[in-house]
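Novice: Need coordinates for the following:
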Amino acid sequence: MNRDLAIAAPPLAVREALERQSAALADYSLEVFLEFDFLDHNILGGQLTGGHIVTYLAREADRMADELLASTDQPVPTPDRSRRWELSEGGNERPGAVMVDDIHESTLRLREAVASVADWSAVSEEVRGIPARRLLQLAVHLVDLGRRWDRLALEDAAAAASVLSDVLQPELSGYRLIVSDRTAALSWVREGDLVSVTGAPAALVAWASGRTTDLADLPSDIPTPPLRVWI
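Specialist: Prediction:
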């Protein structure tokens, strides 16, 4: 591969982790649906249900796929309005089986759109950031659906942690994140105007996203960035 194209493309580790987490989303969505349905799954202190999460992830996948296709001069299909319900249209209240089909179709569209990009240097920086943002979306929102952080593979957690500062830039301004494989516990220290937070990749993603319920050994005095409900 041309060196300039390699630099422009999203890191291989991010794209490979995105593939694995996309497959995990399809599997875990079905698991949640079969166990207790999306509407009965309360998230973030009862603010949301599993239906909100699945519908959000489906619509984000469709929007990202359309943006990738448009940016690479490929035809963008007319939206399937029978499937692409927005949250504002009650998409979170659809039958669970319909939402499972929706997340499967939208995820497949995005995976194919990412794979179709031949020259990442020809698209904008924002479009090049789609795989990173989607990876972090899946890592975080699968936890909203009930997956524990210790079920996130180490290599995928490392890839997600590597994009935190870019994807959550406003929330993480003033913080420096340091990945450590020596301990799973988080530690922090104030260094002038910066707060340095050190920990294992999954712990850093959990802390940065505000999803720390099942995180062991979280320091009680650690500063926390503003919670972003939607990644």
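
Novice: Where does the prediction get shaky in the protein?
Specialist: Low-confidence segments of the chain, defined by pLDDT under 70, are located at 1-8, 35-37, 40-41.

Novice: which residues in it form strands?
Specialist: Counting by DSSP state E, the chain forms strands over residues 42-43, 48-49, 175-179, 187-191, 194-199, given from the N-terminal end onward.

Novice: Mean neighbour count for those - can I get that in CSV?
Specialist: The C-beta positions use only the backbone N, C-alpha and C, and glycine is treated the same way. Converted to CSV, the strands of the chain look like this (neighbours: other CB atoms under 10 Å):
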stretch, mean neighbour count
strand 42-43, 15
strand 48-49, 19
strand 175-179, 16
strand 187-191, 12
strand 194-199, 18
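
Novice: So for Phe33, which of the ones you listed sits nearest?
Specialist: Each of the strands of the chain was scored for nearness to Phe33 using CB to CB, and the closest is strand 48-49 (12.0 Å).

Novice: Quick check: neighbours of the closest one in the sheet, parallel or antiparallel?
Specialist: Using DSSP bridges, strand 48-49 pairs in its sheet with strand 42-43 (antiparallel).

Novice: what does the strand it pairs with contact?
Specialist: Contacts of strand 42-43 from elsewhere in the structure, counted by CB atoms under 8 Å, 6 or more residues apart in numbering, are Leu48, Thr49, Gly50, His52, Ile53, Asp144, Leu145.

Novice: List the contacts of the fifth one.
Specialist: By CB under 8 Å, 6+ apart, the contact list for Ile53 reads Phe38, Ile43, His141, Asp144, Leu145.

Novice: buried subset of those?
Specialist: Among these, those buried by neighbour count (16 or more other CB atoms under 10 Å) are Phe38, Ile43, His141, Asp144, Leu145.

Novice: Just to be sure, which of these are found in helices?
Specialist: For these, membership in helices holds for His141, Asp144, with DSSP state H as the criterion.

Novice: Show me which of the buried ones among the contacts of Ile53 is closest to Gly91.
Specialist: Ranked by distance to Gly91 (CB to CB), the buried ones among the contacts of Ile53 are led by Phe38 at 10.8 Å.

Novice: distance from the centroid: which residue in the chain tops it?
Specialist: For the chain, the C-alpha farthest from the mean C-alpha position belongs to Gly192; by CA atoms, centre = their mean, that distance is 31.0 Å.

Novice: now that residue: how far from Pro226?
Specialist: Distance, Gly192 to Pro226, by CB to CB, to the nearest Å: 21 Å.

Novice: Same question for Leu168.
Specialist: Taking CB to CB as the measure, Leu168 falls 9 Å from Pro226.

Novice: Specify which residue of those two has the higher count of neighbours.
Specialist: A side-by-side neighbour count of Leu168 and Pro226, using other CB atoms under 10 Å, places Leu168 first with 22 against 9.

Novice: In the chain, spot the helix with the most residues.
Specialist: Looking only at the chain and at elements set by DSSP H, the helix with the highest residue count is helix 12-36.

Novice: Run through who's touching that helix.
Specialist: 9, 38, 41, 50, 54, 57, 96-97, 99-100, 103-104, 107, 110-111, 114, 131-132, 134-135, 138-139, 142, 145-147, 153, 155-156, 158-160, 162-163.

Novice: Now list the buried members of those.
Specialist: Under a neighbour-count criterion of 16+ other CB under 10 Å, the subset of those counted as buried comprises 9, 38, 41, 50, 54, 57, 96, 99-100, 103, 107, 110-111, 114, 131-132, 134-135, 138-139, 142, 145-147, 156, 158-160, 162-163.

Novice: Good, wrapping up.
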